[in-house]
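> sequence plus predicted model, see below.
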Amino acid sequence: MFDYEGLTFESLVLTFDESKRAHQLMIASLIRADDRAKELYNDFINACISYANIRAIWSTSSSKIRRDMDEKRTLKHDMVLSSLDILDQYLAKQNLATNWRDIIGKQHSGQERKRQGDFACYIAYIHGLSAR
């Protein structure tokens, strides 16, 4: 069993506080952005929700089911990374801040990849709460 404090203490997981800060910076840029940027943000949200769902299911599955899900889970993670890159590049072209990437990372490997996946789960969590 995992709890939040144990998880964040033992690994380099992106914390709620870091996620919140990155999301606040992202939203601050999007407030000044055009409709296309907002569409790209919605694409990112949808990728996050899809990835967070499979990641949560994967975490409670047997080893065999995990192996069967691995390719799909990786594909959904790649979709999150791609949507982040697209949004980041679009905002930069609009001369809007993308400093939220400094918090979650840009690399598609190692701990930064994992932190971007953590951020996707945070985004899915926030949007799940907002649907109350």
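On my side now, so go ahead.
> show me what whichever helix in the chain runs longest is packed up against.
In the chain, taking DSSP state H as the definition, the longest helix is helix 63-93. Applying 3 or more CB pairs under 8 Å, 6 or more residues apart in numbering; DSSP states H and E, we find helix 63-93 packed against helix 35-59, helix 100-104, helix 110-130. All C-beta spots, glycine's among them, are computed from the backbone N, C-alpha and C.
> in the last one, what's buried?
When burial is assessed from 16 or more other CB atoms under 10 Å, helix 110-130 yields the following buried residues: 112-124.
> circling back to that earlier point, could the helices and strands packed on helix 63-93 go into a markdown table alongside distance to residue 83 and mean pLDDT?
Formatted as a markdown table, those follow (distance: least, CB to CB, whole Å; pLDDT from 0 to 100):
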| stretch | distance to residue 83 | mean pLDDT |
| --- | --- | --- |
| helix 35-59 | 4 | 96 |
| helix 100-104 | 13 | 96 |
| helix 110-130 | 9 | 94 |
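> adding distance to residue 12, write those helices out as CSV.
As requested, the helices and strands packed on helix 63-93 are exported to CSV (distance: least, CB to CB, whole Å):
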stretch, distance to residue 12
helix 35-59, 16
helix 100-104, 12
helix 110-130, 5
